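In: my questions are about this predicted structure, shown below with the sequence.
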Amino acid sequence: MEIFIINLIGATLRVSTPILLAAIGETYAERAGILNLGIEGTMFFGAFIGFFVADKSGSLWLGFLIAVLSGVIFGLLMALLTVTLGVNQHVSGLGITMLCTGLSLFAFRLNYGGRSIPPSIESFQQLAPFKNIPWLNTLTEQYLFTYIAFLVIVPLAWWLLYRTSFGLKIRSVGENPEAADAAGVNVFAVRYAALAIGGGLMAAGGAFLSLAQLGAFTHGIIAGRGWVAIAIVIFGNWNPVRAMWGALIFGGASALQLRLQTMGLQLPIPYETFLALPYIVTIIALVLAGRNASYPAALLKPYRRE
Amino acid sequence: MYIVDMLGITKTFGELVANDNVDFQLRKGEIHALLGENGAGKTTLMRILYGLYRPDTGIIKVAEQPVEIHSPKDAIANGIGMVTQHFALVPPLSVAENIVLGNTDGFVVNRAVIEEKVGAAAHRFGIEIDPKSLVRHLAVGQRQRVEILKALYRNARVLILDEPTAVLVPQEVDALFETLNRLKADGLSVIFISHKLHEVTQITDRVTVLRDGKLIGTVDTKGMSQSQLAAMMVGRETFGVTRKDEQHQQQPVTLHIDNLCAKNDQGMPALTNICLEVKAGEILGIAGVGGNGQKELAETLCGVRECASGSIQLEGKELIGQTPAGFTQAGVGRIPEDRHEGMVGDLTVTENLALEHLNEYTRSGVLDHKAIRNRAEELIRQFQIKARPNDPVRTLSGGNMQKVLLARVLSRDPKAVIVPQPTRGLDVGATDYVRQQLLEQRDRGAAILLISEDLDEILALSDRIAVIYEGEIVGILPAGEATPERLGLLMSGAVKEH
């Protein structure tokens, strides 16, 4: 039983990582007042381009770097559409998701054809700092990105948002851009920056899946994780640390359902029920926590100086 | 020496000339009023000075040096701060965070440090505010103090206040004036945008008057009477409403309110046993300090708020239990306190005028656009609404919006009219118009319940005056016996007269 639980916690951390990265990225975008529905597509493109570059160049790190860069670019594209041109945020975001998905699938088809077995690469290795202590090893044998996400990105994102002038600007721009403008804050630049950071984190989450967790690229690689991340942002009340708890809840349910599937084969329950579990848990968590959600007041509103 | 010189400023928006070759000069250490009716171009001129608009032509000098002000940032750098009508504050942030926003020393923001710095600045300028509190928890008057402190914290030498008293209760106005006088003594220059004459004569040293975007003149406040200033502002010597005093003793009671009780939005009792009678052809004024149940009273009398107990009778017919539409149908005219609440901003003037009576313009489910249009044109003429029938209502000035509301309600010849704060935020001309309309309704024989926080308005219009305090009517006086002093005592809850 202890083994099961330790195993489960270890898996939870692994499964949560991509969602955590994406959710923090979305938190930054929304805190600045932009709902980035391009998240699902940005993750998908990050997963693809990371895989593709790594496969062609032989360097996993180059693949990861290009993936993050692509996310930054799509974040800036979102900024161009919503901040500069003032296009509806829902339409822009969904458009970017469709664009990213289409581009990825098209490029994938051109380069790998229509195979039944997805191409794979030698993925990132997990770190094992406590090799000699079996139970601790089960828990801590993780990818470097998982360590970075939980130990660096989360505290850094929180600190940046609540303890620096840049974070103060992001929060004010998402709440009352008129006030921020009157105070001498460059609303447009801050929103561009927040979307660029957010896009980079989203794509990093996608690349984690293809370069580390799976070592392959498939059509269903993201499987709605971007949308889950949006729910987690609301669950987390636009706070990176609370978003981490949300990501862990989803990750925990995902890890649990994988294990239930293998254990529950004798039960007369279709395995799809287990597949649905994390999403159901997310919905319940959102319903419980989302009622008190205090949305950034300027979310969805383009800012224009009169 | 002038600290600010604005010379030959012209600014147009499309075909509208908002500022037409305006000169404005501000001395160091003075409080300078910028006076004019709504739409005279006061705010535009100041938004130019603060970098929110760019002038088409004109020169701006600060301390005799020509400057280019492209953004608020440039204005702040030149020592100019502005407190706009809609506060530029971020409600979920603390006072200290709001004040340092865009003006932080380094990248890292240490809460304890900024709170201490802001606290010290507040102490230095004599502005009482807790730097730790969240802005969303503050009352309007406190938020204004945060705005002023924000400007001073950035070393403003010139403070622009855009209609600062519009949102304040009288006590807060006194506190504001005290602060301004102290700051003036410290050498700060204040530009005070207003259309309230008694405030201008009370607090300012000089007055610049604008009318229709043009400079009318700059004068020393001392020696100017309110009516002289008003004449400069509106371009005619006398203004005010003409009132015929008549006896209404013999008239029947139209609106009879008995033991009315209602709760506020928080579920707390807001009205306690209100008993009032309004006769046909009478204006009953309800005086009181804001927030003593006026809003709830108006809403209950229009059927918008549910009453807890009591009765509302219109010509003997009980209205309690009716829907708001039922109230209107029965003959209650409702002019909402918040103009924007009574209309749909994106719909046209024509559509808004028909809004409450759509069923009358409907034939087998289809709107009769021609009839609606004809009616609208007639009302626009009759009520002198300065707008075209197809203009969206949100593009209208406050005065014209109010005229649309008045036209919609008063053209139905309602038996009773409930008017809370009918002239709030309106300029002198529009205020006159609204008051004149109410008097005409009275002469027609309507029973009018006028709820207003403006004592002058109550005294000018009412036949009888009731005072509301903490949801209770604490006294009812005939207009002839009412003096500001006597009403003031009642309004403060110090005495009760029954």
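Out: Good, I have the coordinates. Numbering: from 1, shown residues only, chains lettered A, B, ... in the order given.
In: residues touching stretch A:104-114, excluding its own?
Out: A:44, A:45, A:47, A:48, A:49, A:52, A:119, A:217, A:219 (CB atoms under 8 Å, 6 or more residues apart in numbering or on different chains). Just so you know, the C-beta spots here come from the backbone N, C-alpha and C atoms, and that holds for glycine as well.
In: for stretch B:223-237, same thing?
Out: Outside stretch B:223-237, the residues that reach it (CB under 8 Å, 6+ apart) are B:35-37, B:40, B:195, B:197-198, B:200-201, B:207, B:209, B:211, B:216-217, B:219, B:238-239, B:428-429.
In: now, these that are in helices?
Out: Among the contacts of stretch B:223-237, the subset assigned to helices under DSSP state H consists of B:197, B:198, B:200, B:201, B:428, B:429.
In: which of those are buried? Put it as a PyMOL command.
Out: Applying 16 or more other CB atoms under 10 Å in any protein chain shown to these leaves a buried subset, and the PyMOL line that selects it is:
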select buried, chain B and resi 197+200+201+428+429
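In: and the two most separated of the ones in helices among the contacts of stretch B:223-237?
Out: Farthest-apart pair in the ones in helices among the contacts of stretch B:223-237 is B:201 and B:429; separation 19.4 Å (CB to CB).
In: and the contacts of stretch A:104-114, which are buried?
Out: A:44, A:45, A:47, A:48, A:49, A:52, A:119, A:217.
In: show me which residues of chain B are close to chain A?
Out: Contact residues (CB under 8 Å from any CB of the partner chain) of chain B with chain A: B:50, B:52-53, B:71-73, B:76, B:82, B:84, B:86-93, B:97-98, B:100-104, B:106-111, B:150.
In: which of these fall within strands?
Out: Counted as lying in strands by DSSP state E, out of those, are residue B:82.
In: contacts made by stretch B:416-424 with the rest, please.
Out: Counting by CB under 8 Å, 6+ apart, B:254-255, B:278, B:294-295, B:298, B:301-302, B:314, B:331-337, B:402, B:409-410, B:430-431, B:434-435, B:438, B:441, B:446-454, B:457 sit against stretch B:416-424.
In: quick one: buried ones out of those residues?
Out: Using 16+ other CB under 10 Å, the buried members of those are B:254-255, B:278, B:294-295, B:298, B:301-302, B:314, B:331-337, B:402, B:409-410, B:430-431, B:434-435, B:438, B:441, B:446-453, B:457.
In: of those, which belong to strands?
Out: B:254, B:255, B:278, B:314, B:332, B:333, B:334, B:447, B:448, B:449, B:450, B:451.
In: if I look at the residue lying closest to residue B:81 once chain neighbours are set aside, how far off is chain A?
Out: Closest residue in space to residue B:81, ignoring its immediate chain neighbours: residue B:151 at 2.5 Å, by CB to CB, 6 or more residues apart in numbering or on different chains. Distance of residue B:151 to chain A, computed by CB to the nearest CB, to the nearest Å: 10 Å.
In: now do the contacts for residue B:151.
Out: Taking CB under 8 Å, 6+ apart, one finds B:81, B:82, B:83, B:159 in contact with residue B:151.
In: now with 10 Å?
Out: Residue B:151 is in contact with B:76, B:79-83, B:99, B:157-161, B:188, counting by CB atoms under 10 Å, 6 or more residues apart in numbering or on different chains.
In: how about the residues you listed in CSV, adding neighbour count?
Out: Below are the contacts of residue B:151 laid out as CSV (neighbours: other CB atoms under 10 Å in any protein chain shown):
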residue, neighbour count
B:76, 24
B:79, 19
B:80, 29
B:81, 25
B:82, 25
B:83, 22
B:99, 29
B:157, 19
B:158, 24
B:159, 24
B:160, 28
B:161, 25
B:188, 23
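In: shaky segments in the stretch 151-300 of chain A?
Out: Residue ranges of the stretch 151-300 of chain A with pLDDT under 70: A:264-266.
In: what's the answer for the stretch 1-150 of chain A, then?
Out: Within the stretch 1-150 of chain A, no stretch has pLDDT under 70.
In: which residue does it bring closest to chain B?
Out: In the stretch 1-150 of chain A, the residue that lies nearest chain B is residue A:31 (10.9 Å; CB to the nearest CB).
In: give me the neighbour count for that residue.
Out: Here the number of neighbours of residue A:31 (other CB atoms under 10 Å in any protein chain shown) works out to 24.
In: separation between it and residue A:245?
Out: Distance, residue A:31 to residue A:245, by CB to CB, to the nearest Å: 18 Å.
In: how about the residues of chain A near chain B?
Out: When proximity is defined by CB under 10 Å from any CB of the partner chain, chain A lies next to chain B at A:159-160, A:162-169, A:171-186, A:294, A:296-298, A:305-306.
In: ok, of those, which come out buried?
Out: By neighbour count, with 16+ other CB under 10 Å, these hold A:160, A:162, A:164-169, A:171-186, A:296, A:298 as buried.
In: among these, which lie within helices?
Out: A:160, A:162, A:165-169, A:171-175, A:177-182.
In: quick one on the thing from earlier: between the contacts of residue B:151, which sits nearest chain A?
Out: Checking the contacts of residue B:151 against chain A with CB to the nearest CB, the nearest one is residue B:76 at 5.6 Å.
In: OK, contacts around the closest one?
Out: For residue B:76, the contacting residues are A:182-184, B:50-51, B:69, B:82, B:102-103, B:150-151, B:154-156, by CB under 10 Å, 6+ apart.
In: give me that answer again for 6 Å
Out: A:184, B:154 (CB atoms under 6 Å, 6 or more residues apart in numbering or on different chains).
In: likewise for the one 3 residues further on?
Out: Shown here is residue B:79, whose contacts under the criterion CB under 6 Å, 6+ apart are B:156, B:157.
In: which other residues reach the host helix or strand of residue A:279?
Out: Assigned by DSSP states H and E, residue A:279 belongs to helix A:271-290. Helix A:271-290 is contacted by residues A:228, A:231, A:234, A:235, A:249, A:250, A:253, A:254, A:257, A:260, A:261 when judged by CB under 6 Å, 6+ apart.
In: also stretch B:167-179?
Out: Outside stretch B:167-179, the residues touching it (CB under 6 Å, 6+ apart) are B:140, B:141, B:165, B:203, B:290.
In: now list the buried members of these.
Out: By 16+ other CB under 10 Å, the contacts of stretch B:167-179 give B:141, B:165, B:203 as buried.
In: out of the residues you listed, which are inside strands?
Out: Those of those lying in strands (DSSP E): none at all.
In: quick one: residue B:276 is in a helix?
Out: No - using DSSP: H, G, I helix; E, B strand; the rest coil, the secondary structure at residue B:276 is strand, not a helix.
In: neighbours of it, just the number please.
Out: Counted with other CB under 10 Å, residue B:276 comes out at 21.
In: was I right to think it contacts residue B:257?
Out: Yes - at 4.4 Å, residue B:276 counts as touching residue B:257 under the criterion of CB atoms under 6 Å.
In: how about residue A:119: what's its closest non-neighbour residue?
Out: Leaving aside its chain neighbours, residue A:119 sits nearest to residue A:112 (5.2 Å; criterion: CB to CB, 6+ apart).
In: what about that neighbour, distance to residue A:212?
Out: Residue A:112 is 20 Å from residue A:212, by CB to CB.
In: same deal with residue A:28?
Out: Going from residue A:28 to residue A:212 by CB to CB gives 22 Å.
In: and residue B:331, by the same measure?
Out: The gap separating residue B:331 from residue A:212 is 75 Å, by CB to CB.
In: now residue B:289
Out: Per CB to CB, residue B:289 is found 66 Å from residue A:212.
In: neighbour-wise, which of those two wins?
Out: residue A:212 (23 against 18).
In: if I pick the more buried one, what's in contact with it?
Out: Here residue A:212 is in contact with A:123, A:124, A:143, A:145 (criterion: CB under 6 Å, 6+ apart).
In: which SS state does the nearest residue to the last one once chain neighbours are set aside fall under?
Out: In this case it means residue A:145. For residue A:145, ignoring the flanking residues on the chain, the nearest one in space by CB to CB, 6+ apart is residue A:208 at 5.1 Å. Three-state assignment for residue A:208 (three-state DSSP): helix.
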